[in-house]
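K.L.:
have a look; sequence and predicted model below, questions after that.
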Amino acid sequence: MLFISCGRQLVQSSAENDFNVDAELNYCVKQTSKALAQIPDNGLIPRNIAPNATQWRMVDYTDWTSGFWPGELWYLFEATADSKWKKIADKYTEYLKPLSVSPATDHDLGFQVFCSYGNGYRLTKDPEYKSVLLKTADTLATLFNPKVGTILSWPRDVANMEWPQHNTIMDNMINLELLFWASKNGGSKQLYDMAVSHATVTMNNHFRPDYTSYHAVVYDKETGKKIKGVTHQGYSDSSMWARGQAWAIYGYTMVYRETKDPKFLDFAHKVTRVYLDRLPKDLIPYWDFDDPAIPKAPRDASAAAVVASALLELGVYTTDNNLANEYNEKALGMLKELSAKYQSKNHNSALLLHSTGHKPAGSEIDYSIIYADYYYVEALLRYKKIAQGQKPLITYKLN
């Protein structure tokens with residue numbers, strides 16, 4: 001498919017499109033309806049389905065993935081304008097309300113509360129949702145260490161993190177969006193400064209010369225000096241863990257959107273380039289680009305979904321038409337492959353198969369995982385916006 005530049009916005013050309021985004025969104029509606037009929041109504045939230053299972057493993061609101069299920073439901077409300085999805089999304093969103101008034105146990109508050117309450121507020125403007133978001137941003141900010149300049153990701157003893165030193169993981173880039181939003185919607189301006197500081201310090205310390213990322217960096221909590229870069233969920237300390245690089249691509253694209261600072265846009269291009277150049281031909285990454293077991297290593301559909309969504313936004317900010325077209329073509333290719341070969345269909349009631357959670361721990365290998373589904377729907381909605389000649393910023397554009 002060819003995309004043409006229209007100012008800073010990309011719109012689809014008249015070339016024939018063989019990807020029916022409405023059909024894929026309808027699939028998501030049907031699968032999620034099937035899931036709702038199966039999961040227990042007991043205050044818990046679906047997280048994953050094992051390869052040979054059909055039932056969701058449920059978790060409570062404190063699990064780091066708890067915001068993705070209500071977020072997916074909000075996306076389906078947006079896709080269908082059917083009020084039944086709004087009602088169900090609100091129900092599961094409310095499960096997470098205690099997070100806004102509890103002490104921060106880790107950085108994942110952005111994933112948990114922004115995917116749920118954030119999308120809910122964007123679509124409904126419910127003032128109660130806004131209140132929860134602002135309270136949660138203040139809670140997340142309590143993990144910011146000004147001596148280091150980043151948010152503490154895991155305020156507890158985690159293997160190889162040299163606790164009680166200060167650790168920051170790449171996933172944390174996504175959670176900055178809550179701070180940016182809050183600073184522009186009634187919260188303290190300091191939240192904005194914290195988010196910019198975190199993105200800048202991470203940019204300076206979290207990447208190798210080829211722009212591949214460490215999963216985690218450990219800092220001296222008193223001096224802010226970098227102690228080491230390591231992995232937690234990747235193959236090795238020197239490897240490119242697929243989902244970690246995906247978080248970097250998505251995160252720096254978002255940081256540019258919120259700051260309009262060209263250094264973040266330039267960096268988003270650089271961390272994207274190394275990922276795209278090393279992808280297999282089908283555009284779905286192995287769980288880690290450096291696993292010596294490739295091509296027999298597990299894939300990670302979740303990383304593909306995250307990057308597909310990020311590329312559709314990054315293309316909007318890209319003034320080089322050839323590069324912008326490449327981003328959109330690659331995003332479309334990822335969505336086509338996920339839709340053709342990774343959909344769960346009759347295997348279970350998730351949307352996608354073949355994601356990898358934490359391979360070194362033997363956890364969630366070749367599973368259906370809720371965050372893969374969330375970013376898959378998000379990418380489909382963003383793609384549809386572009387196909388309609390609109391900007392794809394449907395996600396978290398709350399102010």
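P.N.:
Arrived safely.
K.L.:
any idea which residue sits dead centre in this protein?
P.N.:
residue 306 (5.4 Å; C-alpha atoms, centre = their mean).
K.L.:
that one reaches residue 246, doesn't it?
P.N.:
Yes - applying C-beta atoms under 8 Å as the test, residue 306 and residue 246 come out as touching, 4.0 Å apart. Just so you know, the C-beta spots here come from the backbone N, C-alpha and C atoms, and that holds for glycine as well.
K.L.:
sorry, back to before: show the pLDDT at the residue nearest to the centre of the chain.
P.N.:
At residue 306, the model reports a pLDDT of 98.
K.L.:
tell me how far it lies from residue 218.
P.N.:
25 Å (C-beta to C-beta, to the nearest Å).
K.L.:
helices along this protein, start to end?
P.N.:
Assigned by DSSP state H, the helices in the chain fall at 21-38, 68-80, 83-94, 109, 119-124, 127-141, 172-184, 189-205, 242-259, 262-277, 301-317, 321-341, 370-387.
K.L.:
deepest of the ones you listed, which one?
P.N.:
helix 301-317 (a mean of 28; mean count of other C-beta atoms under 10 Å).
K.L.:
helices and strands around it, which ones?
P.N.:
Helix 301-317 is packed against strand 9-12, helix 242-259, helix 262-277, helix 321-341, strand 355-358, helix 370-387, with contacts defined by 3 or more C-beta pairs under 8 Å, 6 or more residues apart in numbering; DSSP states H and E.
K.L.:
let's see it at 10 Å
P.N.:
strand 9-12, helix 242-259, helix 262-277, helix 321-341, strand 355-358, strand 363-369, helix 370-387 (3 or more C-beta pairs under 10 Å, 6 or more residues apart in numbering; DSSP states H and E).
K.L.:
and the last one with helix 301-317, angle?
P.N.:
Spelled out, that is helix 370-387. Helix 370-387 runs at 30 degrees relative to helix 301-317, counting by axes from the mean of the first three to the mean of the last three C-alpha atoms, to 10 degrees.
K.L.:
next up, the contacts around residue 193.
P.N.:
144, 146, 179, 183 (C-beta atoms under 10 Å, 6 or more residues apart in numbering).
K.L.:
now do residue 259
P.N.:
180, 192, 195, 196, 199, 200, 265.
K.L.:
can you list residues touching both of residue 306 and residue 246?
P.N.:
Counting by C-beta under 10 Å, 6+ apart, the residues touching both residue 306 and residue 246 are 174, 300, 375.
K.L.:
closest one of the residues you listed to residue 33?
P.N.:
residue 375 (19.9 Å; C-beta to C-beta).
K.L.:
distance of the closest one from residue 334?
P.N.:
11 Å.
K.L.:
got any residues that touch both of these two?
P.N.:
301, 303, 304, 305, 306, 307, 308, 309.
K.L.:
OK, contacts around the second one?
P.N.:
Read that as residue 303. Residue 303 makes contact with 241-247, 249, 275, 284-288, 334, 355-356, 372, 375, according to C-beta under 10 Å, 6+ apart.
K.L.:
one more: the fifth one?
P.N.:
Listed by C-beta under 10 Å, 6+ apart, the contact partners of residue 306 are 174, 242-243, 245-247, 249-251, 300, 334, 371-372, 374-376, 378-379.
K.L.:
before we move on, what about the last one?
P.N.:
Residue 309 makes contacts with 246, 249-250, 253, 331, 334-335, 374-383, 392, 395, as judged by C-beta under 10 Å, 6+ apart.
K.L.:
mind redoing it with 8 Å?
P.N.:
250, 331, 375, 378, 379, 382, 395 (C-beta atoms under 8 Å, 6 or more residues apart in numbering).
K.L.:
can you tell me the closest non-neighbouring residue to it?
P.N.:
Leaving out its chain neighbours, the residue that sits closest to residue 309 by C-beta to C-beta, 6 or more residues apart in numbering is residue 379, at 3.9 Å.
K.L.:
that neighbour and residue 333 touch, don't they?
P.N.:
No - in this structure, residue 379 is not within contact of residue 333 by C-beta under 8 Å, at 11.8 Å.
K.L.:
need the helices and strands packed on helix 301-317 in a markdown table (columns: distance to residue 153 and mean pLDDT).
P.N.:
Converted to a markdown table, the helices and strands packed on helix 301-317 look like this (distance: least, C-beta to C-beta, whole Å; pLDDT from 0 to 100):
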| stretch | distance to residue 153 | mean pLDDT |
| --- | --- | --- |
| strand 9-12 | 34 | 43 |
| helix 242-259 | 12 | 98 |
| helix 262-277 | 19 | 98 |
| helix 321-341 | 27 | 97 |
| strand 355-358 | 15 | 98 |
| strand 363-369 | 18 | 98 |
| helix 370-387 | 17 | 95 |
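K.L.:
export these to a markdown table and append columns for distance to residue 63.
P.N.:
Formatted as a markdown table, those follow (distance: least, C-beta to C-beta, whole Å):
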| stretch | distance to residue 63 |
| --- | --- |
| strand 9-12 | 36 |
| helix 242-259 | 17 |
| helix 262-277 | 27 |
| helix 321-341 | 24 |
| strand 355-358 | 12 |
| strand 363-369 | 12 |
| helix 370-387 | 10 |
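K.L.:
OK, contacts around residue 347?
P.N.:
54, 353, 368.
K.L.:
er, residue 186 actually
P.N.:
So residue 186 contacts 130, 134 (C-beta under 8 Å, 6+ apart).
K.L.:
so it versus residue 127, what's the distance?
P.N.:
In this view, residue 186 and residue 127 are 11 Å apart by C-beta to C-beta.
K.L.:
cool, residue 223 as well?
P.N.:
43 Å.
K.L.:
before we move on, what about residue 254?
P.N.:
As judged by C-beta to C-beta, residue 254 and residue 127 stand 25 Å apart.
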